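Peer 1: Sharing a model that was predicted from the sequence below.
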Amino acid sequence: MDPHILASKILEWVREDAPFGDITTELLVPEGRSVEAVIIAKSSGVVACVSDVARALKILGLEAAPLVGDGEEVRRGTAVMKLGGDARSILLFERTILNILMLLAGIATKTRKIVDIVRSVNPRVRVAATRKVVPGLRALVKKAVALGGGDTHRFSLSDAILIKDNHIAIVGDVEKAVRLAKSRASFAHKVEVEVTEPSDAVRAARAGADIVMLDNMSPSKVAEALELLKREGLRDRVVVEVSGGIDEDNVAAYAKLDPDVISTSVITMKPERVDMSLEIERLL
């Protein structure tokens with residue numbers, strides 16, 4: 001993420017947290033006092049976007065240096081980032097910075113856990129995120145997914161064509177929706193369509209879909225859809241994505257079926273808890 005954009009977002013979030021200043025710090029900490037501080041992991045996990053946050057903090061007038069690499073797995077007690085500068089500013093930014101880093105580390109950690117499960121069963125299958133992300137954090141959340149070993153999937157409604165159930169309900173049927181999209185879309189865009197029945201996967205593929213998402217299907221229904229696509233000679237012509245209700249407890253069962261992609265919102269909506277704290281190390 002561009003550091004200037006992130007810096008402006010951090011300022012916006014700090015204004016929400018301290019709309020009229022940090023009254024406690026302003027009462028206790030004299031102006032002009034400088035300190036050195038460190039952010040420490042209080043639980044194990046995969047850190048993410050530490051370098052992005054450090055660059056943004058530099059723009060905001062603080063000294064900031066990552067002490068671990070993005071995507072690195074750390075243990076409890078590991079120093080993650082070093083900070084220096086105005087004590088009032090560091091305390092003002094403290095909770096906002098920690099909230100960002102903890103959330104992103106949780107997403108990277110959850111992603112890594114599910115990716116490891118899938119790779120142990122079927123290394124060919126990709127694990128992808130969905131568009132279920134907290135507004136305002138999309139770019140960082142997607143990067144955290146990538147750092148955890150996952151695929152980012154589409155970033156927004158603007159950069160990929162994904163025909164969903166409500167589109168089909170309005171257009172009339174899956175074949176018509178796919179044909180319309182294929183005829184009107186730029187050559188640069190593939191067409192993905194979401195289906196909930198194995199027979200609709202075949203219809204979508206016949207109509208020219210590039211990607212077929214098997215949504216909220218049980219493993220047995222996914223197996224049926226894949227078999228139908230093979231029987232019709234369509235399996236190698238489409239990317240098959242499986243999605244809906246998938247987590248670390250059942251992802252292995254889906255990976256064994258050999259889809260191309262497994263997407264899940266659990267990695268962005270139910271991240272692992274990776275706790276962190278900021279500690280003042282030295283008065284300058």
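Peer 2: Structure's in. What do you need?
Peer 1: Can you give me the buried ones in stretch 189-196?
Peer 2: Within stretch 189-196, the residues that count as buried by 16 or more other C-beta atoms under 10 Å are 191-195. Any C-beta I mention is one placed from the backbone N, CA and C, and that applies to glycine too.
Peer 1: which ones among those residues are found in helices?
Peer 2: In helices, judged by DSSP state H, none of those are found.
Peer 1: Nearest to Gly85 among these?
Peer 2: The closest of these to Gly85 turns out to be Glu192 (C-beta to C-beta; 46.8 Å).
Peer 1: My understanding was that that closest one contacts Leu214; is that so?
Peer 2: No: under the criterion of C-beta atoms under 8 Å, Glu192 is not in contact with Leu214, lying 11.4 Å apart.
Peer 1: what residues are shared contacts of those two?
Peer 2: Contact criterion C-beta atoms under 8 Å, 6 or more residues apart in numbering; residues shared by Glu192 and Leu214: Glu241.
Peer 1: outside of the host helix or strand of Ile168, which residues touch it?
Peer 2: Under the criterion DSSP states H and E, the helix or strand holding Ile168 is helix 165-171. Helix 165-171 is contacted from outside by 174, 177, 180, 193-194, 196, 215, using C-beta under 8 Å, 6+ apart.
Peer 1: how about JSON lines for those residues, with pLDDT and distance to Arg124 added?
Peer 2: As requested, those are arranged in JSON lines below (pLDDT from 0 to 100; distance: C-beta to C-beta, whole Å):
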{"residue": "Val174", "pLDDT": "96", "distance to Arg124": "27"}
{"residue": "Ala177", "pLDDT": "97", "distance to Arg124": "29"}
{"residue": "Leu180", "pLDDT": "96", "distance to Arg124": "32"}
{"residue": "Val193", "pLDDT": "97", "distance to Arg124": "22"}
{"residue": "Glu194", "pLDDT": "97", "distance to Arg124": "22"}
{"residue": "Thr196", "pLDDT": "96", "distance to Arg124": "25"}
{"residue": "Asp215", "pLDDT": "97", "distance to Arg124": "21"}
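Peer 1: quick one: which of those residues is nearest Asn250?
Peer 2: Using C-beta to C-beta, the shortest approach to Asn250 within the contacts of helix 165-171 belongs to Asp215, at 14.9 Å.
Peer 1: Nearest to Arg95 among the contacts of helix 165-171?
Peer 2: So of the contacts of helix 165-171, ranked by how close each gets to Arg95 (C-beta to C-beta), first place is Asp215, at 37.9 Å.
Peer 1: which phi and psi does that closest one have?
Peer 2: With angles defined as degrees, to the nearest 10, Asp215 sits at phi -100, psi 130.
Peer 1: and it, what are its bridge partners?
Peer 2: With beta bridges defined as DSSP bridges, Asp215 has these partners: Ser243.
Peer 1: dump the residue contacts of it.
Peer 2: Asp215 sits in contact with 165, 194-196, 243-244, where contact means C-beta under 8 Å, 6+ apart.
Peer 1: now those in TSV, with distance to Lys9?
Peer 2: Converted to TSV, those look like this (distance: C-beta to C-beta, whole Å):
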residue	distance to Lys9
Asp165	33
Glu194	31
Val195	37
Thr196	37
Ser243	29
Gly244	31
